[in-house]
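Undergrad: Let me see the structure of the following:
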Amino acid sequence: MQVVGAITEATPGGTNEDYWLAGSSWALVLDGAGRYPGEAGGCVHPVTWVVERLAENLRKGLEDSPAQTLEAIVRGAIEETIIDHGASCNLSDPLSPGAAGAILRHTGVAIEWLVVADCAIVVETVDDETFAVIDDRVDRLSEAPVTSAEVRTYSPDFVRSVRNKPGGFWVLGAVPDAAENGLTGSIPVANVRRIMLCTDGVSRLTERYNWTWAEVFSQFHTLGPKALVDAVRDAEKHDPDPTRWRGKRHDDATVVVLSPR
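TA: Coordinates of the predicted model:
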């Protein structure tokens, strides 16, 4: 599997909490689930540390345990990340830092994936069709109270009641059961032309700004990955009412495009 193009870029003026890695038969993208203002989340480490440790533990599992399922590899990586925290962190707090993630593996005959939270895996088929796998449970919570301050978001108390719990939504990092609660699937390698992994800082092109995934792939094929981030920033800059969205006006943006052959 070959990386055709990739980029990761921090939100303007911010620290990049996205991360990506790729090997000969796998790739992953992580998007740090940061802290709420005034909430420590029981952890002394920066979100970037959590994301990088999780990515490294995933890399080890993907390379050292190819016979395991993706669920088992992700569970093992979370367990190792918990150990890495040490005794200084209380990860029982549901607001402990974690990450959305998209993990991809080439088995030789199929492409397998596991997606948790709002990262995306998007497949462009040899028949010029596209489909996306996005875990949008965080956007489908019934009677979720949205608060408005600098950005519209859920209250910390509400998130504590639904994060990493059945009927709520899941993130990677502090709860091993998240591994069995992702979206999984596969497609024969022969049916795939390109595969895109991206964080929601890029997928907002389709979720907020009316792009199709076919247009996203076309932009990439024509102008490369930087053009996708530029398109996001331009759309954010000219958004007539950014407060209509739940979440930040700008976000870290990461995209990785791979060829399966």
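
Undergrad: Every contact and neighbour count from this point should use C-alpha atoms.
TA: Noted.

Undergrad: all helices of the stretch 101-250 of the chain, in order?
TA: Counting by DSSP state H, counting those that start in this stretch, the segments of the stretch 101-250 of the chain that form helices are 156-162, 200-207, 213-223, 225-237.

Undergrad: Could you export those helices as CSV, including distance to Asn181, mean neighbour count and mean pLDDT?
TA: Converted to CSV, those look like this (distance: least, Cα to Cα, whole Å; neighbours: other Cα atoms under 10 Å; pLDDT from 0 to 100):
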stretch, distance to Asn181, mean neighbour count, mean pLDDT
helix 156-162, 13, 15, 88
helix 200-207, 19, 21, 96
helix 213-223, 25, 16, 97
helix 225-237, 30, 17, 97
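
Undergrad: would JSON lines of those helices with distance to Thr125 be doable?
TA: As requested, these are arranged in JSON lines below (distance: least, Cα to Cα, whole Å):
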{"stretch": "helix 156-162", "distance to Thr125": "36"}
{"stretch": "helix 200-207", "distance to Thr125": "18"}
{"stretch": "helix 213-223", "distance to Thr125": "11"}
{"stretch": "helix 225-237", "distance to Thr125": "19"}
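
Undergrad: Which of those helices sits closest to Gly23?
TA: Between Gly23 and the helices of the stretch 101-250 of the chain, the tightest spacing by Cα to Cα is seen for helix 225-237, at 18.9 Å.

Undergrad: outside of the closest one, which residues touch it?
TA: Under the contact criterion Cα atoms under 8 Å, 6 or more residues apart in numbering, helix 225-237 has outside partners 5-7, 9, 201-202, 204-205, 209, 216, 219-220, 242, 249-250, 253-256.

Undergrad: Now do the strands in the protein.
TA: Across the chain, reading from the start of the chain, the strands by DSSP state E fall at 2-9, 18-22, 26-33, 98-106, 110-116, 120-125, 130-134, 146-148, 152-154, 183-188, 192-198, 253-259.

Undergrad: how far does stretch 181-200 sit from the chain's center?
TA: Stretch 181-200 has its C-alpha centroid displaced from the chain centroid by 13 Å (Cα atoms, centre = their mean, to the nearest Å).

Undergrad: Many thanks, have a good one.
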